[in-house]
Structures are given as C-alpha cells and as structure tokens.
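1. Below: sequence and its predicted model.
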Amino acid sequence: MAIVRSLFSEFVEKYFAGIVGEVTEKFNDQSKEQTLMHKSMLTEEYSADMTWKSTDINHSVVAADVVSLGSRLPLKKRDTLSRAEGRLPKIGIKFRKDEKDITDINIMIARGAQEQTVAGKIFNDVPKAIKGVDLRNEIAFLEGLSTGMYLVESDTNDGTGIRVDFGYKAENTFHAKTAKWGTASATPITDLQQLFDKANKDGNSIQHVWISEKRFNDIRSSAEGKDLAARYLDLVIVSTPPRPKRSTMLDALKDEFGATFHIVDVSVRIERPNGTYTSVKPFAEDNVIATPTENVGRLVYGTLAEETNPVADVVYEKSGSYTLVSKFSNNEPLEEFTSAQAICLPVIDGVNSIYVLHTDSAATGLSVDPSTLSVEAAGGTDTVDIHYEGSPGDLTVSSSQTFVTANRRGDKITVKTAANSGGSSRSATVTVTDGTASATITVTQAAAS
C-alpha cells in the first residue's frame, strides 16, 4: 500500500481550495445563527512551543490609605497568581471512499454527469471532516466550561485519551442550600444568589450565567421561580403562580440578578472505536456556571508537522487558522481519503472569577449517589454522581478488584464492570477520597448462568 495522488486530481486542482474556503466561511459566519459556542466565546491564539498556559492573576484591588504628609506609605499584599498548563493535543478525522464509491464516480463521469454534480460527490466528505474537528473542540469547550476540566477516555476516542484541568476554585463552588433542583422543596433563586454574593465579595461582577435546559426548566417549575416571574410581571397572585413562559423567566432572572442567562442544550454525535455511534451532551447539565464576560478563554493552536513537512502527492488546504485538510488515495486496495487534523485546545481563563453551582445535591463534605451498584453477569457501565464541596480535581478514585475499573470525569464517576464467567457472584469496592474524607461504592455482580 502506498500513498498516491488523488484519483480525481483534475477535480482536486479545480475545486478543492474553493470548497474548503466556502465550508470554512460558512462555519465561521457570525452573521448567521451561531451553533458552535466555542467559536464565539474563545479567542484564537497561536502557540509556537505547542503548549497551553492558563494564567490567572487575582488582582486584589483595595482602596489607598490616607496618610499624613512625610509619612511612609503602607505596604500592601501582592497579587496571587495561579497557573494551569500542558501540551496541546492533536485531533483528527478521516473519511474513506472504497472501490465501489470510486467506481460510482467514474460511471457518473462516463455518463456525462454535470461537473458540479461529480465534484459534489468527490468532495462530500470535506464539510464533514472540517466540522468533525470543530465538534471535537466544541465537546472539549463545553465540558471544560461546565466542569473545569476536559477528559477524553480511550473507549470513546480512537487514539490517546487526554485529561486537562483548568483549576476551578473550591471556594467558588457551591451546592443547593435546601434540596437538589427538581424537587418540591428546592430553592433555586436562593441557591443562585450564593454565586452573586461571593462574586460581589471578591470584587467580581457576574454578567453571564450558563445553564442546561433541564435545570432552567427546574427554575420555571419551582415555587421561587414562579414567584419571581409573577413579581417581574407585576401580577397579583392569590394562589400558586402559573409556570412562566421561557422568555418571561429569562427576563425575570436578568432583572433580578443583572446578568444574562444562557440556556445550553447541545448534543454531539461521536463514533466509538468499534464503529458504533452515540450522542453526548458535553455541558454538565447539573452545573450552573457564572462568568464575568462572554469571552471565557482562548482556542490555543500550534503547527502540525505535516504542514511544514508535506507528504509527496498529498494535496493540502488550510481551513481557518489551524485545521489542515488533505486529499489523497491508496492502492491495494484502491481507496480515496479526505482527512482533517489540528493541534489545538480550548482553554478556560480567569478561573478566579468563575463560579459554579452544583444543583444536584444539597450535601456537604463528600458523598456519592448511588453508593451501591448491582451489575448483571455480562458486565456494563454505570455512572455515579460525586457530591463534594471542594474541587473534584483533588479526588482520587480506586477499585479493590481488577474486574471493576473506575474513572472520574468532573463530578461523575464511570464504573465499568467486566463480564463474569464464573459460577458465583462477586463484589468490589470503589473508593473516592481527597486524602481525608472518603466515600465508597459497593459493586455486586451476578454469577454467570
């Protein structure tokens, strides 16, 4: 097998650059409805050394002292500096046309099909390749924004897993005060007030709040939410207020807190290494995120080795600042490929002024829900919620038995149990700890039938 020039080099020379440019312009058109949040909320930044750094200076601005003439000026405490950093990962995607697809295109050409129609068939993978890179960045951004970290696991990614922690502050993390949202006794407006009170104390100003569709609807259905909307509309309510309309609730929240609330409801389809598809919602639906600005960081990118050392017979085009799109073919068997790759990472900045509310628990300390799992003999994957007052990045997770593996992803634990081929049941204990407090999950697996 050898890499050779595209089988449709005449079309590639004529159309490839224009199609890549057209697709890129379409995906980045700010005049149209923006569907990819990282495109509007991050600033692109080139990294020559292929690393990312998130530096946050906590500017402790205090009023100057009034002193008498000729006296010494009082010395103030210097600003504190926090830093998160690491190497930029490489991401990529590739599509293949097999001999059947190539034959179909050749038949179209032989039958005199319009050139534009043939070109559309040859280059129909180009938009999917470019968008594939953008969607991976969208997943990284939304997961990073909503949890303070980004994790790609090996079973959902055909390549190397990565873990990035942006260092969200434990002192800026809060839980529901009375009860988790969605229950009758929940107090979401009181819970949200915690974020604004802390920001005010820190000298920060929350201007934007990011919330999932599910938790926004919990506000609308709550007694506090209904009352807030009724007061905003100046309604005289003698009984329980009605559930407010979506637009009314958004306006009432902005009027109450002075911040714009954004509903995040993004679903992305990914292909697993085994070829199956699944949809993920990268924004943690139980977390509410408050930020001082809509621009929350940077899309840091580097230069691909293949960009400076191109492979002979491969045709390249650049999509935007960092995505390299290529077209080439192989022999034995005959195949035509379209690929897109980039070295980049969405980076969340200013973590000292980002505030997080966990709406799914009013617990304090460290606990897990559920604390027991019953697994069938065939094995499977379960998700457990972590309720923790500190930063989830301080927690470690371990299993007492090798047939059970556990990995933390933000405030969630993924527990995977291998198949049991034995004639008796078995059990394992998963322990979550910050070095002082700990919580356990008991996993019990049935025997093989």
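-> Received, thanks.

2. R136 and A342, how far apart?
-> From R136 across to A342, the span is 9 Å (CB to CB, to the nearest Å). Any C-beta I mention is one placed from the backbone N, CA and C, and that applies to glycine too.

3. what residues do the two have in common as contacts?
-> Between them, R136 and A342 have I91 as joint contacts when contacts are counted by CB atoms under 8 Å, 6 or more residues apart in numbering.

4. More neighbours: which of the two?
-> Each of R136 and A342 has its neighbours counted (other CB atoms under 10 Å); A342 has more, 28 against 21.

5. Give me the distance between that one and N420.
-> For A342, the distance to N420 equals 42 Å [CB to CB].

6. How are the helices of this structure distributed by residue range?
-> For the chain, the helices defined by DSSP state H cover 9-11, 17-27, 37-41, 99-110, 115-122, 125-147, 188-202, 213-221, 223-232, 246-257, 305-308.

7. which parts of stretch 373-389 are buried?
-> Across stretch 373-389, burial judged by 16 or more other CB atoms under 10 Å covers 373, 375, 377, 382, 384-389.

8. I'd guessed N287 sits against V356; true?
-> Yes - in this structure, N287 sits in contact with V356. The criterion is CB atoms under 8 Å, and the distance is 5.9 Å.

9. Does anything pack onto the top strand by length along the chain? Which helices or strands?
-> With secondary structure taken from DSSP state E, the chain has its longest strand at strand 335-348. With contacts taken as 3 or more CB pairs under 8 Å, 6 or more residues apart in numbering; DSSP states H and E, strand 335-348 sits against strand 51-58, strand 90-97, helix 99-110, helix 125-147, strand 297-301, strand 323-330.

10. let's see 6 Å
-> Other elements packing on strand 335-348 under the criterion 3 or more CB pairs under 6 Å, 6 or more residues apart in numbering; DSSP states H and E are strand 51-58, strand 90-97, helix 125-147, strand 297-301, strand 323-330.

11. Phi, psi for the nearest residue to P392 once chain neighbours are set aside please.
-> Nearest in space to P392, with sequence neighbours left out and distances taken as CB to CB, 6 or more residues apart in numbering, is D411 at 5.1 Å. Summarising the backbone geometry of D411 under the convention degrees, to the nearest 10, its torsions are phi -100, psi 30.

12. what residue ranges in the stretch 1-150 of the chain score low on pLDDT?
-> Where the stretch 1-150 of the chain drops to pLDDT under 70, the residues are 1-2, 4, 26-34, 54-85.

13. mind redoing it with 50?
-> By pLDDT under 50, the weakly predicted segments of the stretch 1-150 of the chain are 33-34, 57-71, 73-83.

14. quick revisit: out of the helices of the chain, deepest packed?
-> Mean neighbour counts were compared across the helices of the chain using mean count of other CB atoms under 10 Å; the top stretch is helix 125-147, at a mean of 23.

15. which other helices and strands contact that helix?
-> Using 3+ CB pairs under 6 Å, 6+ apart as the contact criterion, the elements in contact with helix 125-147 are helix 17-27, helix 37-41, strand 90-97, strand 149-152, strand 287-291, strand 335-348.

16. give me the number of residues near S398?
-> Counted by other CB under 10 Å, the residues lying close to S398 total 11.

17. got the helices and strands packed on helix 125-147 as CSV, with distance to A179 columns?
-> Output for the helices and strands packed on helix 125-147, formatted as CSV (distance: least, CB to CB, whole Å):
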stretch, distance to A179
helix 17-27, 42
helix 37-41, 30
strand 90-97, 40
strand 149-152, 27
strand 287-291, 15
strand 335-348, 29
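
18. what's the closest of these to S438?
-> With CB to CB, the closest approach to S438 among the helices and strands packed on helix 125-147 belongs to strand 149-152: 20.8 Å.

19. With adjacent residues omitted, what lies nearest to P292?
-> Skipping the residues right next to it in sequence, P292 comes nearest to S353 by CB to CB, 6+ apart, at 4.9 Å.

20. Show me the domain layout of the protein.
-> What the record gives for the chain is the domain set 3-58+79-166+300-345, 363-445, from automatic domain parsing.

21. Make CSV out of those domains and add distance to N204.
-> Rendered in CSV, the data for the domains of the chain read as follows (distance: least, CB to CB, whole Å):
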stretch, distance to N204
domain 3-58+79-166+300-345, 10
domain 363-445, 18
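
22. residue contacts, S361?
-> 175, 180, 387 (CB atoms under 6 Å, 6 or more residues apart in numbering).
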